[in-house]
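Asker: How does the following fold in three dimensions:
(chains A and B)
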Protein chains: 2
Amino acid sequence: MKVSELGEFGLIELLAEIATKARGKALLVDIGDDAAAWRTKAAIQLATTDALIQDVHFTLSTITWRELGWKALAVNLSDIAAMGGAPQYALVSLGLPGDTEVEHVAQLYEGMVELTQRYDVAIAGGNIVAAPLVVLSLAVIGTAKGNILTRSAAAPGDQIAVTGYLGTSGAGLAMLKKGLQFDDETTTYLREAHLKPHPRIAEGQILASNGVKAAIDLSDGLVSDLAKVCKASRVGAHLRVEKIPIHPLVSAAFKQDCLNLALSGGEDYELLFTGRVEVMDRVKGLMPCPISVIGEIVNKEPGRVRLLNEQGKEIGVERGGWEHFAPRNESGLSKPGY
Amino acid sequence: MKVSELGEFGLIELLAEIATKARGKALLVDIGDDAAAWRTKAAIQLATTDALIQDVHFTLSTITWRELGWKALAVNLSDIAAMGGAPQYALVSLGLPGDTEVEHVAQLYEGMVELTQRYDVAIAGGNIVAAPLVVLSLAVIGTAKGNILTRSAAAPGDQIAVTGYLGTSGAGLAMLKKGLQFDDETTTYLREAHLKPHPRIAEGQILASNGVKAAIDLSDGLVSDLAKVCKASRVGAHLRVEKIPIHPLVSAAFKQDCLNLALSGGEDYELLFTGRVEVMDRVKGLMPCPISVIGEIVNKEPGRVRLLNEQGKEIGVERGGWEHFAPRNESGLSKPGY
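Answerer: This is a model prediction of the structure:
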C-alpha cells in the first residue's frame, strides 16, 4: 500500500503504534496531539516539530523570505499555544539549494527573529544542509504550568469555541494563487493572515489556567481539526454554521465561498477549545481576542462532526480539511503539521 | 552572494549572529556547538537537530529503510553524546512522496525504535508532510549532569584523543558507491559502519564526569571537525598521523586511501576530545572502547590543524572534511549536521 492510499492520519496511527512499543519513558501526551508533553522535576515540558517544504507548503513566488521565516516558526509556536504552554527554545533545521542567495537566508532568519522577540523565544541551535529545494523543519521546546490542553479532554455537554475569525488564511491563499484584486485593506488583511499567522500563545495560557481542558490549533481546517478532537475524546460534535466567525472583509470578498473557507480552508492557526458553560463564560471575559461559541460536544457518534443550520437541520459540507497525501484543492498545496 | 559561495560554515556564523541579536534567554551553549544547552531548575537541558535528505545524504539504492531510520536518529544522538549528555526524547519530522510504500515507512520507524531501545530514548512526537523526496529531520532533547563537553574548551597542552577507528564509514561509502567487492567480514563491517553508526553515548558521559571539557563528534571528518574545535577554542592542533587509529580491515581493503579516509572521510560518529595527560590517563581505563591519543593542542595558529609524520615533519593533506554547498567527493553526497 502507498502512503497516498493510507493517508496521513492512518500513517500517523500506524507509526504511533510502532513508536509506542518502545516507550520506556512516561509521556503525558505523545504522538497525535499538538505537542508532546512530559513531566520533569521543575515543570511540564512541551516539544513539537513542523516542517514547511517548498512547492508543497509555500511557493517563493507568493511569500517573501522574511514571511517564510515568520510562518515556519509561527506554525510551531501555534502547537505550543494549543497545549496552553509557553514556548522557550527553537531549533531550526534548514535545507537549502546551493544557489540560494545568502541575503535571502538572512531575511528568513530575520523573520524568525522578529517573532521570537514577540514571544520571548530563543533560537537555540540548528542545522543547515544542502537540498534540491527549500526545506524548513523547526522544533520548539516549551513549558507549561499545572494544566495542559489536550485533544482528548472534550466532554459531552461542552461548548465548542474558537478564537478570532476563520477562513481568512484560506481566503488569502485563494487571493494569492488566483491573483484576485481587492482594495488595499482587504489585500493586506488576507495576505497577512495567510503568510504571517499569529500564534495564540497568551490565549492558550489563559485557557489552560482557567479550567479549559481540551484544545487544538486550527491548521488543517475547522471540520477536520474538530474531528480529531472528537476522535481523541470519543465524542461527537454539532457545529452551528451561522455562529462561525467570518471577518466582514472575507465575507465581502468571498460571498460564495466564505463558509467553505471557514469550514475547511485551514491554516488559520486559531485555537478551538471546549469547556462547560461556566468555564466559557469565565474565559470570554479574560481573552484578549474575540471568542465565538460555535457548537457543542455530544455523547454520540464518536469522531463525527455534524453541521447544523439555524433551524437545527443538518447540512452537507464539502469534505473539509487537509490531509497530506490526499490534496483536495486546486493548488495542490497542503498544510503543515498535525 | 550565493549560499554555495559563502559555504556552510560562513552561513552558520552569519545566522548565529542574527539569531543572537534576539537572545533574551541565557544559553550555556548555542548555535555552533553539537547541541544547544541551557540550565533549568532540575538539570542542564540539551537539544539538537539534524536532517537527512534523499540523494544528498543517502540514496535508497544503498540503504534499507530500516537502516535509514537508525542512521537518522543515530546522527542526532551522536550530537547529544558529544555534549556528554543522555538523550531522552526524539521528535521525528518526516517528508515523504505520496507513492512511498507504507511498509517502508514502518521499517524506517522500526529502525529508529531499535536504536531508542538501546539508549532509552522515547519517540515523543513528530510530523508527516508530503514532499517530492524523502526528508528526515529529527530533533533530540536530552539532559546532562554538572559538566558538559563543548567545542570551545580545548586548552594548549591538552592531548587530543578519539574513540574507536576512523575512516571506516568513508570506506563503507566508497565500497557501496563503487560496488567494490571484499570478503564477507570486511563487507559487513564497512556497510554497518556507514549505514548504522553507533553513537558514543556512554562514552560521552564518562568523559564529562571525569574531567574532560572539550569534545566534538566526528561527522564531517577528523581534520574539519578538529579545526572547528580549534577555532572555537582559539588554539591550534598538531595531529600525529601515525597515531590515527585505522581498523586493520580498512587498511587492508584501502591500502592507498585509508589515511585520507581517516582524515576526511567523515561520518564516523566517533568522539574527538581533549584533556590534560592525567585526565586522559584516567579516562582511558574507564572507556568501554579503544581510545587513541593522536596529537596535542598548541598555543599558536588558532583554528589551524597541522599534520605531522613520525619524524615531526609537516605533511600535506587533501582539503579535509565536509562542508555543505562545497561538496568535494565524487558522489556529491554530503554529510549531515554541524
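Asker: Where do the strands of chain A begin and end?
Answerer: Secondary structure of chain A, counting by DSSP state E: strands at A:36-39, A:44-53, A:86-96, A:122-130, A:135-144, A:159-163, A:214-217, A:236-240, A:271-275, A:291-298, A:305-308, A:314-315.
Asker: burial of the residue of the stretch 151-300 of chain A found nearest chain B, as a residue count?
Answerer: Per Cβ to the nearest Cβ, A:Ser219 is where the stretch 151-300 of chain A lies closest to chain B, at 10.6 Å. C-beta here means a position set from N, CA and C on the backbone, and glycine is covered the same way. Using other Cβ atoms under 10 Å in any protein chain shown, A:Ser219 has 26 other residues around it.
Asker: still on that earlier bit, kindly present the strands of chain A as JSON lines, with separate columns for distance to chain B.
Answerer: Below are the strands of chain A laid out as JSON lines (distance: least, Cβ to the nearest Cβ, whole Å):
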{"stretch": "strand A:36-39", "distance to chain B": "4"}
{"stretch": "strand A:44-53", "distance to chain B": "4"}
{"stretch": "strand A:86-96", "distance to chain B": "4"}
{"stretch": "strand A:122-130", "distance to chain B": "4"}
{"stretch": "strand A:135-144", "distance to chain B": "3"}
{"stretch": "strand A:159-163", "distance to chain B": "23"}
{"stretch": "strand A:214-217", "distance to chain B": "13"}
{"stretch": "strand A:236-240", "distance to chain B": "24"}
{"stretch": "strand A:271-275", "distance to chain B": "19"}
{"stretch": "strand A:291-298", "distance to chain B": "25"}
{"stretch": "strand A:305-308", "distance to chain B": "22"}
{"stretch": "strand A:314-315", "distance to chain B": "30"}
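Asker: Take the ones you listed and lay them out in CSV including mean neighbour count and mean pLDDT.
Answerer: Shown next, in CSV, are these (neighbours: other Cβ atoms under 10 Å in any protein chain shown; pLDDT from 0 to 100):
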stretch, mean neighbour count, mean pLDDT
strand A:36-39, 21, 88
strand A:44-53, 27, 93
strand A:86-96, 26, 95
strand A:122-130, 26, 90
strand A:135-144, 28, 95
strand A:159-163, 24, 98
strand A:214-217, 27, 98
strand A:236-240, 21, 97
strand A:271-275, 29, 98
strand A:291-298, 20, 98
strand A:305-308, 20, 95
strand A:314-315, 11, 90
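Asker: Dump those into CSV; add distance to B:Thr116 as well.
Answerer: Listed next are the strands of chain A as CSV, based on distance: least, Cβ to Cβ, whole Å:
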stretch, distance to B:Thr116
strand A:36-39, 14
strand A:44-53, 15
strand A:86-96, 19
strand A:122-130, 20
strand A:135-144, 17
strand A:159-163, 36
strand A:214-217, 27
strand A:236-240, 36
strand A:271-275, 32
strand A:291-298, 36
strand A:305-308, 35
strand A:314-315, 46
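Asker: Against A:Val134, how distant is A:Thr59?
Answerer: 10 Å (Cβ to Cβ, to the nearest Å).
Asker: So those two - more neighbours on which side?
Answerer: A:Val134 (23 against 13).
Asker: residues in contact with the more buried one?
Answerer: Counting by Cβ atoms under 8 Å, 6 or more residues apart in numbering or on different chains, A:Val134 makes contact with A:53-54, A:60, A:68, A:95-97, A:100.
Asker: Now do the contacts for A:Thr187.
Answerer: For A:Thr187, the contact set (Cβ under 8 Å, 6+ apart) comprises A:175, A:181.
Asker: redo that, cut-off 10 Å
Answerer: Counting by Cβ atoms under 10 Å, 6 or more residues apart in numbering or on different chains, A:Thr187 touches A:172, A:175-176, A:180-181, A:249, A:253.
Asker: next one: A:Glu13
Answerer: Counted by Cβ under 10 Å, 6+ apart, A:Glu13 has contacts A:6-7, A:31-32.
Asker: how much space between it and A:Ser152?
Answerer: Applying Cβ to Cβ to A:Glu13 and A:Ser152 gives a distance of 14 Å.
Asker: A:Ile53 is in contact with B:Val135, isn't it?
Answerer: Yes - counting by Cβ atoms under 10 Å, B:Val135 is a contact partner of A:Ile53 at 7.0 Å.
Asker: Give me the most central residue, chain A.
Answerer: A:Ser219 (3.0 Å; Cα atoms, centre = their mean).
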